[in-house]
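Participant: the following block contains a protein sequence and its predicted model.
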Amino acid sequence: MNFQKSILSLGWYHEVYHNFSTPTPRIKMQLQTILNRVEKQKGFVYSKARFNENGELEVELCPRRNSKAICSGCGNKGPTYDHTSIRRFQYVPLWGIAVFLVYSMRRVNCGECGVTTERVPWACGKTQQSYSFRLFLATWAMSWKETATVFSTSWDSVYRASRAIATELVRGQRAFVGNR
Ligand SMILES: [Zn+2]
């Protein structure tokens with residue numbers, strides 16, 4: 001079937017072309033708006049977002065004005081002692097783009113525990129994965145297990161098949177990017 005002909009006959013093509021060519025008020029939605037919608041970080045705000053040299057999205061987080069850091073030892077709020085180096089936490093990818101939250105951890109001068117690193121709501125301890133990213137990965141892992149059960153095969157078989165396909169896709173994508 002001639003697809004172009006069929007959509008032309010429906011008038012759909014004209015409709016789409018018309019809509020694309022007519023100046024309409026632009027809808028700009030910031031990444032921060034989306035992030036605030038899916039996951040607000042209590043006591044923190046999403047600030048700048050940018051692509052780094054590897055094509056990954058980096059979104060900076062800043063403490064909300066006048067918000068005190070939480071001691072990772074006891075959970076009490078305390079005054080900021082200083083800031084440690086900037087850390088990156090992997091977040092759920094958006095449209096296939098790797099996303100990282102970037103934050104300069106505060107150290108807390110805690111009356112109970114002394115100087116400790118603050119506790120943040122999106123990740124625990126020294127991990128470089130956010131809770132959301134872990135949940136995202138775990139969901140995929142769970143899908144493999146469920147797939148294995150449904151098709152009476154092992155988790156390992158599903159994993160190996162998925163990995164092989166993913167490798168092929170990445171290889172294909174690289175070839176595609178290289179050809180442009
Ligand atoms: Zn403490």
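Facilitator: Thanks, I have it.
Participant: show me what from this structure comes close to the ion.
Facilitator: Cys71, Gly73, Cys74, Cys110, Glu112, Cys113 (CB under 5 Å from the ion). Heads up, the C-betas are built off the backbone N, CA and C, glycines and all.
Participant: buried subset of the residues you listed?
Facilitator: Among the residues of the chain next to the ion, those buried by neighbour count (16 or more other CB atoms under 10 Å) are Cys71, Gly73, Cys110.
Participant: okay, the residues you listed in TSV with secondary structure and pLDDT next?
Facilitator: Formatted as TSV, these follow (DSSP: H, G, I helix; E, B strand; the rest coil; pLDDT from 0 to 100):
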residue	secondary structure	pLDDT
Cys71	strand	96
Gly73	coil	94
Cys110	strand	96
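Participant: give me the domain ranges for this structure.
Facilitator: Under the assignment automatic domain parsing, the domains of the chain span 31-129, 132-180.
Participant: where does the protein have its least confident helix or strand?
Facilitator: Every helix and strand in the chain was compared by mean pLDDT, DSSP states H and E; the lowest is helix 3-10, with a mean of 40.
Participant: now do Gly96 against Leu169, distance only.
Facilitator: Noted for Gly96: a distance of 11 Å to Leu169, by CB to CB, to the nearest Å.
Participant: on that earlier part again, which single one of the buried ones among the residues of the chain next to the ion is nearest to Tyr81?
Facilitator: Closest approach between these and Tyr81, by CB to CB: Cys110, at 8.8 Å.
Participant: quick check on the nearest residue to Leu94 once chain neighbours are set aside: phi, psi?
Facilitator: Excluding the flanking residues, the one nearest Leu94 by CB to CB, 6 or more residues apart in numbering is Leu57, at 6.7 Å. Main-chain dihedrals, Leu57, degrees, to the nearest 10: phi -90, psi 130.
Participant: show me what Leu57 is bridged to.
Facilitator: Leu57 has the following beta-bridge partners by DSSP bridges: Phe51, Val99.
Participant: where in the protein is pLDDT low?
Facilitator: Residues of the chain meeting the criterion pLDDT under 70: 1-27, 173-180.
Participant: go again using 90 as the cut-off
Facilitator: For the chain, applying pLDDT under 90 flags the ranges 1-34, 38, 66, 84-85, 94-96, 124-128, 134-180.
Participant: longest helix in it, please.
Facilitator: Longest helix in the chain by number of residues (criterion: DSSP state H): helix 155-179.
Participant: which strands and helices sit next to it?
Facilitator: Helices and strands touching helix 155-179, by 3 or more CB pairs under 8 Å, 6 or more residues apart in numbering; DSSP states H and E, are helix 131-150.
Participant: report all helices and strands that the helix it packs on contacts.
Facilitator: Applying 3+ CB pairs under 8 Å, 6+ apart, we find helix 131-150 packed against strand 80-94, helix 155-179.
Participant: so what touches stretch 48-55?
Facilitator: Gln30, Leu31, Gln32, Leu57, Glu58, Val59, Glu60, Ile97, Ala98 (CB atoms under 8 Å, 6 or more residues apart in numbering).
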